[in-house]
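K.L.:
Can you look at this prediction? I've put the sequence above it.
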Amino acid sequence: MKVKFYKKVDDALLKFAVIIAKSGGKWVFCKHKERETYEIPGGHREVGELIDETAKRELREETGALKFTIEPICVYSVTGKNRVNSSGEETYGMLYFADITEFADELHSEMEQVVLFDELPTEWTYPLIQPILIEEYERRTKLDFRKERYYMKIKIISGVIIAAVILTLAVLIVPDTADTVVNAAETAVSDDSGKAAKFVHGSAETPCGRTVIVSIFGDDPNYSWNFESETDLAAIDNINNYMGIAADFIEQTVADYGESAEFITDFQENDDLFYSVSFDDDMTDWNYTDTDVCGFIDESIDTDSIMKKYDADNLIFFFILNTDENTEAVTCTRNWYEGMDYPYEVVYLYNIDSGLVNCPAVYAHEILHTFGAPDLYMEDEYFGIDGKALDYVAEKLPNEIMYTCSDIGTGEYLYDKVSNEVSGLTAYYIGLTDESKIVDELGLRESEHEEKAVG
């Protein structure tokens, strides 16, 4: 017996309607007068009948449903001999879902009774067909829920942009009124004693306190996110999970150094931490990335409101591109430097680079960059990291996360935890300690946090 699913077939091929139904959250099953097994309602299409009418008729006849909502799910087919197909040829039907709110007192069909189950039964009339139909319904329901969640977030973002356009038009068309609005807004900000997005040394200082991460899923001419693709939605779920694992790792690291940290990263629970945007430029080309992404943040994301809402000390942005194994781009971070055009500290996460899906350790590595941590696997003239310093790290700090993101035991990426460490050297550079003997020993540049304090 083989069951398949289709988006659409010729209407003339549809011979059956099967209806997965619930009532009050319970599964609705029918028991035939001549059988001791259970089945979901359904039946043959009559001559001249629309398939949707078949579904409604069968639901009424077999369950006694009086009030209900019903909607199609997909086309299915069954190949193989069974109770209703003696030839074994492929036959087609339409699968539906119904929510029943009222039943008749009596049944007037071949069904003996209607039974409501909390869990699916084990005694099936069609054990090789109907469990598969329900499994497909549950799969599609989960996918639809995720799509709805992401589209809702995109709609919210679009609404914000539209509101901004309307306000701009108001400024142009009604200057006196607009001036009043703008001045009132300025007064509200200046009079507010809470935290505001007036970043002095970039949007992320140290991992201490509360850090909020905003995720921006980007499209460009080469890569895009498809919110109707189960593959892409699964990748987005993983990204959210990996970011949380990285945040937990940093929180524990901060605690190990006697401080406290809290990261808010879950963009699936917090709609205002999820954005989607499409650019015409190649977003793996550094001639465009900073200007395009930071310009989008500046125009479309209310950083002030986010900082106030979450009472945040730091704000980090992830720009996430749906790259594949062919990309030559490598995940990197634009952290703060004196004279930069925008104060935003942005991680450019290429979901796949160097042929691998980036793991939680990579996320943590990049987040630590935003707080001032340098790479410890390559020479860096600015920090004074030379060959001697690299040899020192390789010998003395082989599991340092700014040196490697692979598991030291296996040499491979881990996707369920971060097994690397934050050494005293990195702790110094991200502001968890005030001094580092290694910096003095190797003659490295002092931490930007000391420079900021002096400045």
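P.N.:
Happy to help now that I have it.
K.L.:
List the buried residues of stretch 381-395.
P.N.:
Of the residues in stretch 381-395, 383-385, 389-390, 392-393 count as buried by neighbour count, 16 or more other C-beta atoms under 10 Å. Quick note: C-beta positions are derived from backbone N, CA and C, even for glycine.
K.L.:
In the stretch 251-400 of the chain, where is pLDDT below threshold?
P.N.:
When residues are selected by pLDDT under 70, those of the stretch 251-400 of the chain lie in 338.
K.L.:
Please repeat the previous calculation with a cut-off of 80.
P.N.:
286-287, 336-340 (pLDDT under 80).
K.L.:
what's the closest of the buried residues of stretch 381-395 to Val18?
P.N.:
Distance to Val18 across those (C-beta to C-beta) is lowest for Val393, with 63.4 Å.
K.L.:
How about the closest one: what's its closest non-neighbour residue?
P.N.:
Leu376 (4.7 Å; C-beta to C-beta, 6 or more residues apart in numbering).
K.L.:
before we move on, which element is the one you found in?
P.N.:
In the assignment (DSSP states H and E), Leu376 maps to no helix and no strand.
K.L.:
Let me see the backbone angles for it.
P.N.:
When read as degrees, to the nearest 10, the backbone of Leu376 gives phi -120, psi 20.
K.L.:
can you tell me which residues contact it?
P.N.:
385, 389-390, 393, 397, 400, 402-403, 425-426 (C-beta atoms under 8 Å, 6 or more residues apart in numbering).
K.L.:
Point out the ones among the buried residues of stretch 381-395 that are inside strands.
P.N.:
Among the buried residues of stretch 381-395, DSSP state E puts none in strands.
K.L.:
For stretch 372-389, list the C-alpha coordinates in PDB.
P.N.:
Provided in PDB are the C-alpha atoms of stretch 372-389 (Å, rounded to 0.1, in the frame of the first residue of the first chain):
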ATOM      1  CA  GLY A 372      35.900  43.700  22.100                       C
ATOM      2  CA  ALA A 373      37.500  40.200  21.900                       C
ATOM      3  CA  PRO A 374      40.100  39.800  19.100                       C
ATOM      4  CA  ASP A 375      40.700  36.700  17.000                       C
ATOM      5  CA  LEU A 376      43.500  34.600  18.400                       C
ATOM      6  CA  TYR A 377      44.100  32.400  15.400                       C
ATOM      7  CA  MET A 378      45.500  35.000  13.000                       C
ATOM      8  CA  GLU A 379      47.900  37.900  13.200                       C
ATOM      9  CA  ASP A 380      46.400  41.300  14.000                       C
ATOM     10  CA  GLU A 381      48.600  44.400  13.800                       C
ATOM     11  CA  TYR A 382      46.000  46.500  15.700                       C
ATOM     12  CA  PHE A 383      46.200  44.300  18.800                       C
ATOM     13  CA  GLY A 384      49.800  43.400  18.300                       C
ATOM     14  CA  ILE A 385      49.100  39.800  17.800                       C
ATOM     15  CA  ASP A 386      52.000  38.300  15.900                       C
ATOM     16  CA  GLY A 387      53.500  34.900  15.300                       C
ATOM     17  CA  LYS A 388      54.900  34.700  18.900                       C
ATOM     18  CA  ALA A 389      51.400  35.400  20.300                       C
END
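K.L.:
circling back: closest one of the contacts of Leu376 to Ile70?
P.N.:
Met402 (57.3 Å).
K.L.:
Which parts of the stretch 251-400 of the chain are strands?
P.N.:
Under the criterion DSSP state E, counting those that start in this stretch, the stretch 251-400 of the chain contains strands at 261-264, 274-278, 314-321, 332-334, 345-350, 352-353, 356-357.
K.L.:
now the stretch 101-250 of the chain
P.N.:
Going by DSSP E, counting those that start in this stretch, the stretch 101-250 of the chain shows strands at 111-117, 209-219.
K.L.:
Show the average pLDDT along the first one.
P.N.:
Across strand 111-117, pLDDT averages out at 93.
K.L.:
if we can go back for a sec, looking at the contacts of Leu376, spot the one nearest Lys8.
P.N.:
Within those, the smallest distance to Lys8 is 52.7 Å, found for Met402 (C-beta to C-beta).
K.L.:
which one is that closest one nearest to, not counting chain neighbours?
P.N.:
Leu376 (4.4 Å).
K.L.:
re earlier: with respect to Leu107, which of the strands of the stretch 251-400 of the chain lies nearest?
P.N.:
Using C-beta to C-beta, those put strand 274-278 closest to Leu107, at 47.9 Å.
K.L.:
Mind listing the strands the closest one pairs with, and their directions?
P.N.:
Strand 274-278 has the following strand partners under DSSP bridges: strand 209-219 (parallel).
K.L.:
Using CSV, write out every CA atom in the strand it pairs with.
P.N.:
Output in CSV follows, covering the C-alpha atoms of strand 209-219 (Å, rounded to 0.1, in the frame of the first residue of the first chain):
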residue,chain,number,x,y,z
GLY,A,209,24.1,43.1,32.5
ARG,A,210,21.4,42.5,29.9
THR,A,211,22.1,42.0,26.2
VAL,A,212,19.4,41.9,23.5
ILE,A,213,20.1,40.3,20.1
VAL,A,214,18.0,41.3,17.1
SER,A,215,18.0,38.9,14.2
ILE,A,216,17.7,40.2,10.6
PHE,A,217,17.1,37.6,8.0
GLY,A,218,18.3,38.9,4.7
ASP,A,219,17.8,38.2,1.0
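K.L.:
Great, nothing more from me.
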